[in-house]
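**Student:** All I have is the shape, not the residue letters:
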């Protein structure tokens with residue numbers, strides 16, 4: 001055991017009888033364990049991304065050129081690939097596809113490249129294999145969605161867009177550190193029960209502000225970052241920029257909306273008081289672009305067998321499903337995998353296939369109904385079943401056209417369009 005962690009963290013309080021009592025005891029034990037890691041300075045905080053730091057230092061000089069920025073980025077092949085994918089995503093795409101890194105840097109701009117390098121450097125920590133990897137991936141999607149929304153809302157409100165992007169990206173990154181801390185504790189407590197994702201998420205929610213503040217302090221980030229981390233759940237006192245704080249809070253509301261439904265429309269956004277009427281159409285466009293932006297930071301699958309998940313999977317995530325026969329292909333690392341859909345509901349479908357897909361990852365899918373169409377989907381469940389795997393997927397941020405086609409599939413009615 002590492003020196004700073006008090007061994008008493010693992011001593012559970014007297015448990016109530018039954019599984020519910022054991023789960024409650026485990027939650028309390030792990031929550032105390034995360035707090036002990038923070039207090040001892042043992043939490044697994046990521047280092048500031050090295051290439052982002054070098055680019056930041058170069059940009060502090062008056063004579064820095066975009067070519068020099070491109071050369072610094074190009075020294076790391078994985079980061080360069082991320083920047084190229086970002087430049088070609090709907091978020092930044094302008095005209096013909098970009099194949100040269102220098103053109104990508106020019107298109108995006110040096111300041112925004114710096115922010116994207118920060119996101120790229122953090123992506124490896126968010127997507128690393130681990131016992132709670134699906135939870136970390138979901139938090140990462142929320143973080144990138146929030147960064148994109150913060151940037152757009154700041155633009156619309158005449159605020160500092162680059163600062164807004166960083167605040168959106170980092171204000172909840174403590175959740176990923178909290179999940180990584182739980183994984184560290186799970187390595188030392190192999191007999192702990194697997195818990196539903198909602199239980200793990202409650203621990204993460206209660207600990208993420210302290211861990212986010214610790215990361216901001218370790219990185220020596222501007223004071224505003226720490227203030228927003230501390231205040232974004234409603235404690236407005238002490239934040240020197242209420243406008244940017246309001247942008248972060250509004251972006252969080254939209255991100256939660258996007259993850260909970262298959263489409264975000266202007267009518268949906270109208271139900272959020274934090275979003276002005278003139279902002280609704282732009283917010284919907286950003287949400288529809290989020291999957292491509294998230295995919296730009298996806299690396300190849302880690303080699304080897306992934307660690308055993310400690311998230312207890314539900315029997316199903318669907319309600320009111322009806323039987324269906326439908327071919328589906330889902331691309332992982334740009335390789336399509338084929339599935340046969342067996343049930344469909346308003347919020348998603350269940351399918352059988354020979355290969356697994358990672359839970360809580362946004363992937364491109366194609367549905368081979370009467371009128372085939374493509375869409376981004378969020379993998380809500382993947383579990384072994386028979387000789388293969390059963391998956392459940394939720395369409396994500398559907399366009400109006402794709403929503404009509406999806407509704408026709410669900411209804412089993414006539415061709416849409």
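**Tutor:** Here it is on my side, so go on. Just so it is clear, the structure is predicted and the values come from calculations on it, not from any experiment.
**Student:** going forward, measure contacts and count neighbours with C-alpha atoms only.
**Tutor:** Fine.
**Student:** Quick check: can you list the domain ranges of this structure?
**Tutor:** Taking automatic domain parsing as the reference, the chain has its domains at 50-295, 322-411.
**Student:** Reformat the ones you listed as a markdown table; add distance to residue 33, mean neighbour count and mean pLDDT.
**Tutor:** A markdown table is the format used below for the domains of the chain (distance: least, C-alpha to C-alpha, whole Å; neighbours: other C-alpha atoms under 10 Å; pLDDT from 0 to 100):
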| stretch | distance to residue 33 | mean neighbour count | mean pLDDT |
| --- | --- | --- | --- |
| domain 50-295 | 7 | 19 | 92 |
| domain 322-411 | 26 | 19 | 95 |
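**Student:** what's the closest of those to residue 34?
**Tutor:** Closest approach to residue 34 among the domains of the chain (C-alpha to C-alpha): domain 50-295, 6.1 Å.
**Student:** Now do that closest one: distance from first to last residue.
**Tutor:** 22 Å (C-alpha to C-alpha, to the nearest Å).
**Student:** Run through the residues that contact the spatially most central residue of the chain.
**Tutor:** The centroid of the chain falls nearest to residue 141 when counting by C-alpha atoms, centre = their mean (1.7 Å). Contacts for residue 141 were tallied using C-alpha atoms under 8 Å, 6 or more residues apart in numbering; they are residue 294.
**Student:** again, 6 Å this time
**Tutor:** Residue 141 makes contact with no residue under the criterion C-alpha atoms under 6 Å, 6 or more residues apart in numbering.
**Student:** That one: which element?
**Tutor:** Residue 141 is part of helix 133-156, with elements assigned from DSSP states H and E.
**Student:** which helices and strands sit right next to the helix or strand following that helix?
**Tutor:** Remark: after helix 133-156, the chain's next helix or strand is helix 161-170, criterion DSSP H and E. Here helix 161-170 touches helix 133-156, going by 3 or more C-alpha pairs under 6 Å, 6 or more residues apart in numbering; DSSP states H and E.
**Student:** gap between the helix it packs on and the chain center?
**Tutor:** 7 Å (C-alpha atoms, centre = their mean, to the nearest Å).
**Student:** Relative to residue 305, how far out is residue 352?
**Tutor:** 21 Å.
**Student:** go on, residue 187?
**Tutor:** Distance from residue 187 to residue 305, by C-alpha to C-alpha: 16 Å.
**Student:** next one: residue 379
**Tutor:** 19 Å.
**Student:** can you check residue 323 too?
**Tutor:** 33 Å.
**Student:** Residue 363 now?
**Tutor:** Distance, residue 363 to residue 305, using C-alpha to C-alpha: 21 Å.
**Student:** same check, this time on residue 107
**Tutor:** Separation of residue 107 from residue 305 (C-alpha to C-alpha): 39 Å.
**Student:** Let's test this: what are the backbone torsions at the nearest residue to residue 277 once chain neighbours are set aside?
**Tutor:** Residue nearest to residue 277 in three dimensions, not counting chain neighbours: residue 270, with 7.0 Å by C-alpha to C-alpha, 6 or more residues apart in numbering. Per-residue torsions, residue 270: phi -60, psi -20 (degrees, to the nearest 10).
**Student:** Give me the angle between the longest strand seen in the chain and helix 133-156.
**Tutor:** Among the elements of the chain assigned as strand by DSSP state E, the one spanning the most residues is strand 373-385. With axes from the mean of the first three to the mean of the last three C-alpha atoms, to 10 degrees defining the directions, strand 373-385 sits at 150 degrees from helix 133-156.
**Student:** Does anything pack onto strand 373-385? Which helices or strands?
**Tutor:** The helices and strands touching strand 373-385, judged by 3+ C-alpha pairs under 6 Å, 6+ apart, are strand 362-368, strand 388-395.
**Student:** again, only using 10 Å
**Tutor:** If contacts are counted by 3 or more C-alpha pairs under 10 Å, 6 or more residues apart in numbering; DSSP states H and E, strand 373-385 sits against helix 133-156, helix 280-295, strand 322-332, strand 348-353, strand 362-368, strand 388-395, helix 400-411.
**Student:** for that strand, the distance to its chain's centre please.
**Tutor:** The answer for strand 373-385 is 16 Å, by C-alpha atoms, centre = their mean.
**Student:** Check stretch 123-141 too.
**Tutor:** Relative to its chain's centre, stretch 123-141 lies at 8 Å (C-alpha atoms, centre = their mean).
**Student:** residues touching residue 241, list them.
**Tutor:** Going by C-alpha atoms under 10 Å, 6 or more residues apart in numbering, residue 241 touches 224, 227, 228.
**Student:** Just give me the closest of those to residue 133.
**Tutor:** Closest approach between those and residue 133, by C-alpha to C-alpha: residue 228, at 25.9 Å.
**Student:** what's near enough to touch the closest residue to the closest one other than its chain neighbours?
**Tutor:** Nearest in space to residue 228, with sequence neighbours left out and distances taken as C-alpha to C-alpha, 6+ apart, is residue 245 at 6.0 Å. Residues in contact with residue 245 (C-alpha under 10 Å, 6+ apart) are 150, 164, 167-168, 224-225, 227-229, 231-234, 236, 239, 251.
**Student:** which SSE is residue 245 in?
**Tutor:** Here residue 245 sits within helix 242-260, counting by DSSP H and E.
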